[in-house]
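> Turn this into a model:
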Amino acid sequence: MGCCNTKINEKLLCYCFNISENAFIEALKMDKGKVLKDFVIFQTKHNYCNCTELNPSKQCCLKDFKLLEKN
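Now for the predicted structure:
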């Protein structure tokens, strides 16, 4: 799993911490998705993210984590 080594053609899930959708999907398959999601939740709660500047949608990515978990 390479959460922080995204390839150019991979879609980012979390722009603040460079976590790709593929990395999160692979983590879910290995029953490790909670670790990545909890990391982002912790960072968000402590204002270590910068979604409004880094994410093209200008919104937090946590809703996108939930969507991938459902699929």
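> Poorly predicted segments of the protein, please.
Along the chain, the model assigns pLDDT under 70 to residues 1-8.
> do that again at 80, thanks
For the chain, the stretches flagged by pLDDT under 80 are 1-9.
> Which parts of it are helices?
In the chain, the segments counted as helices under DSSP state H are 21-29, 33-45, 51-54, 62-70.
> Geometric centre of this structure: which residue is closest?
For the chain, C14 is the residue whose C-alpha lies nearest the centre (Cα atoms, centre = their mean; 3.6 Å).
> Quick check: the gap between that one and Y48.
12 Å (Cβ to Cβ, to the nearest Å). Every C-beta, even on glycine, is put in place using the N, C-alpha and C of the backbone.
> For N22, the count of nearby residues, please.
When neighbours are counted by other Cβ atoms under 10 Å, N22 registers 18.
> wait, isn't it in contact with E10?
Yes - using Cβ atoms under 8 Å, N22 makes contact with E10 at a distance of 5.2 Å.
> and the helices of the chain, which is most packed in?
helix 21-29 (a mean of 18; mean count of other Cβ atoms under 10 Å).
> Which elements pack onto that one?
The helices and strands touching helix 21-29, judged by 3 or more Cβ pairs under 8 Å, 6 or more residues apart in numbering; DSSP states H and E, are strand 12-14, helix 33-45, helix 62-70.
> quick check: angle from that helix to helix 33-45?
120 degrees (axes from the mean of the first three to the mean of the last three Cα atoms, to 10 degrees).
> could the helices and strands packed on helix 21-29 go into TSV alongside distance to L54?
Shown next, in TSV, are the helices and strands packed on helix 21-29 (distance: least, Cβ to Cβ, whole Å):
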stretch	distance to L54
strand 12-14	9
helix 33-45	12
helix 62-70	14
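> Ok, which of these comes nearest E26?
Proximity to E26 (Cβ to Cβ) singles out helix 33-45 among those, at 8.9 Å.
> quick one: the closest one to helix 62-70, angle?
Going by the same axes, to 10 degrees, helix 33-45 makes 170 degrees with helix 62-70.
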